[in-house]
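In: Give me the fold of what follows.
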Amino acid sequence: MFRLSLEDELDLLPFLPLRFFFLPVFVLSFSLTGGPSTRVQLCPSAVLHLTGPIFFTAKDQELSTEGYPQDETRAKLVCTGDAITAVQGDCRRCARVALLNVQIDGSRTSLGRATPDDKGGPLVILGNNEGQRVERCVLQDPRGWAAVHIREGDNLQCTGAKVEWNDIGPAGEEWVEEYDGPDPEASPLGRPLGDGVSLSCRDSSVSHNTFTDTSDAAVVIYGSPGSNVSYNKVVARSRSQMGGILLVDYGPFEGSYLSTVVSHNIIDALGGLIRVGIGIGPPVWSDDLETVLSDGKVSDNVLRGYWMGYGVVAAGVKNFTVVDNVSTARHSGLRGGRCPTEPVENSPPMAFLYNATSSDGEFQADFVDGSVQYVVCIEPESDTDDIFKPSEPIPEPEPEPVYEEPELTPQNSVINDIFDHSKQRIMEALEGVQDQVDALETMKDVWEKAISGKTSNELDSGMIM
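Out: This next block holds a predicted model:
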């Protein structure tokens, strides 16, 4: 086990052992060679600025915070410079790797989106193997298209992944056609939308997570036969979302959602439009009226919130079971400029909508038969007159008391003298801190000269476990 501390010797580079006595943060820009079962534990409250991904390279490896805290003392990884992906573990030897109890900030707010030239990927990339875990982490602000992507593998061999008990989001920005063009995937500024979890792995679990402001969707399920997406909370708090949970893709499992279950999730359009709470089938997301998905189940989910568009929508499916879902939401939305009019116009937003002609299976009785074709085209209403309206008049605030300068008395004079003395001591202490900062700058210059002969790969490739 490696223990990364800001007070202990970092002997991870055999050619350059270092000590960090005062630094509150440092930049991970070195290589760590390990083998199976290597466990790297970061000190609580440590902040590490990444210039490249941390790579898992062997089975049963772990990256975590020491003591496995579940609060703000979890170590924090922050993407800097050109970094887009923070942790990657989709190698053929990466069975059962684990990312536990850490915080990761992708820094989209400060660094901007990953542009097409960046070829930016998700913040965390796993998959292509078995039994991998992301648990009790905080994952936010990815520069790429998702916070977590569990990929299916080169031969669809991914199985048994777990993404559980995490706080995920915000992810992505809203798609503004005036800036990004008619297709968000082709925006010259980079893809604006961001997913929470992109799941393409058999027999996996995405559960007990909280997703906030994931502008594309909280969870996108690519078939993933045998998987469970359950007991998650999805909240649109301050930005709109294309969807809550989506089952709309044919690949890579050729439309099979066999034994894939979406259940007991809460989807809350609290402060932003969620265009589709749960979308089932390709027509929800596109004008593809021919492709068919099969064999999934959606049950016991709750939709709520003032800004919900469509609730549960199904079209282009066979042998699906959609039952026992509940909506207490207000369903609304304005027809957007991208909404199709041919061959027919979509039915208006409602709690449960399906196209009976293209939907085969068991559907709860309150589904309404209607037209479904790219229903995520709707836009939020502009009228907010009846939202946040108080039930009782808001009382006038009490006037703030007027502060009167006290008269100078001998007692006040003594207090002032004490204050002036304390102020002087503080200034002297600050000067001492500045001396330490100057010394650290000198150390930094010496260190940079010492490693100037190393290859760019050793300095920029990130941490390799």
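
In: Touching whichever strand or helix holds Val206 from outside, list them.
Out: Val206 belongs to strand 205-207 when assigned by DSSP states H and E. Identification of contacts with strand 205-207 by C-beta atoms under 8 Å, 6 or more residues apart in numbering yields 161-164, 197, 199, 219, 227-232. C-beta: built from backbone N, CA, C; applies to glycine.

In: Could you report the neighbour count for the closest residue to Ser215 other than its chain neighbours?
Out: Among residues not flanking Ser215 along the chain, Gly172 sits closest, at 3.7 Å (C-beta to C-beta, 6 or more residues apart in numbering). Residues within reach of Gly172, counting by other C-beta atoms under 10 Å, total 30.

In: what's across from Gly172 in the sheet?
Out: For Gly172, the beta-bridge partners under DSSP bridges are Leu193.

In: Just the pLDDT for it.
Out: The confidence metric pLDDT takes the value 93 at Gly172.

In: need the contact list for it.
Out: Going by C-beta under 8 Å, 6+ apart, Gly172 touches Arg108, Pro142, Trp145, Arg191, Pro192, Leu193, Gly194, Asp195, Thr214, Ser215, Asp216.

In: Distance check, the closest residue to the last one other than its chain neighbours against Glu185.
Out: Think Asp216. Excluding the flanking residues, the one nearest Asp216 by C-beta to C-beta, 6+ apart is Leu193, at 3.8 Å. Applying C-beta to C-beta, to the nearest Å, the value for Leu193 to Glu185 is 9 Å.

In: between those two, who's got more neighbours?
Out: Between Leu193 and Glu185, Leu193 has the larger neighbour count (other C-beta under 10 Å), namely 21 against 11.

In: just the contacts of strand 205-207 now: which is nearest Gly153?
Out: Ala161 (10.6 Å; C-beta to C-beta).

In: Spatially nearest residue to Gln364 (excluding sequence neighbours)?
Out: The shortest distance from Gln364 to any non-neighbouring residue, by C-beta to C-beta, 6+ apart, is to Val323 (4.7 Å).

In: likewise Ala46?
Out: Ala46 sits nearest to Ala75 (C-beta to C-beta, 6+ apart), 4.5 Å away.

In: Would you map the strands across the stretch 251-400 of the chain?
Out: All strands of the stretch 251-400 of the chain, identified by DSSP state E, counting those that start in this stretch, fall at 261-263, 266-268, 274-280, 293-294, 297-299, 302-304, 308-314, 317-323, 326-327, 352-354, 359-363, 368-369.

In: Using a markdown table, lay out those together with mean neighbour count, mean pLDDT and distance to Ser204.
Out: As requested, these are exported to a markdown table (neighbours: other C-beta atoms under 10 Å; pLDDT from 0 to 100; distance: least, C-beta to C-beta, whole Å):
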| stretch | mean neighbour count | mean pLDDT | distance to Ser204 |
| --- | --- | --- | --- |
| strand 261-263 | 21 | 98 | 11 |
| strand 266-268 | 23 | 98 | 20 |
| strand 274-280 | 29 | 98 | 18 |
| strand 293-294 | 21 | 98 | 18 |
| strand 297-299 | 21 | 98 | 15 |
| strand 302-304 | 20 | 98 | 23 |
| strand 308-314 | 30 | 98 | 22 |
| strand 317-323 | 19 | 98 | 19 |
| strand 326-327 | 18 | 98 | 26 |
| strand 352-354 | 24 | 98 | 27 |
| strand 359-363 | 18 | 97 | 23 |
| strand 368-369 | 12 | 97 | 32 |
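
In: Could you point out which of those sits nearest Leu334?
Out: Closest approach to Leu334 among those (C-beta to C-beta): strand 308-314, 9.6 Å.

In: show me where pLDDT drops low in the chain?
Out: Applying pLDDT under 70 to the chain flags residues 1-33, 118-120, 382-465.

In: again, only this time at 50
Out: Scanning the chain for pLDDT under 50 picks out the ranges 2-27, 29-32, 383-398, 400-411, 451, 453-461.

In: quick one: Pro282 from Val322, how far?
Out: 16 Å.

In: can you check Ile280 too?
Out: Relative to Val322, Ile280 is positioned 7 Å away (C-beta to C-beta).

In: any residues in contact with both of these two?
Out: Val298, Val312, Ala314.

In: Please look at the last one and Ala356 and confirm they touch.
Out: In other words, Ala314. No. Applying C-beta atoms under 8 Å, one finds Ala314 not in contact with Ala356, separated by 9.7 Å.

In: distance between the ends of stretch 173-187?
Out: With C-alpha to C-alpha, to the nearest Å as the measure, stretch 173-187 spans 12 Å from end to end.

In: just stretch 78-89 next, same as before
Out: Terminal residues of stretch 78-89 are spaced 18 Å apart (C-alpha to C-alpha).

In: give me the number of residues near Gly181?
Out: By other C-beta under 10 Å, the residues close to Gly181 number 14.

In: Just give the closest residue to it, not the sequence neighbours.
Out: Among residues not flanking Gly181 along the chain, Ser187 sits closest, at 5.7 Å (C-beta to C-beta, 6+ apart).

In: State the distance from the one you found to Arg133.
Out: Using C-beta to C-beta, Ser187 is found at 33 Å from Arg133.

In: again, but for Leu289
Out: Using C-beta to C-beta, we find Leu289 at a distance of 39 Å from Arg133.

In: So for those two, which sits in the more crowded spot?
Out: With neighbours defined as other C-beta under 10 Å, Leu289 and Arg133 compare such that Arg133 has more, 19 against 16.
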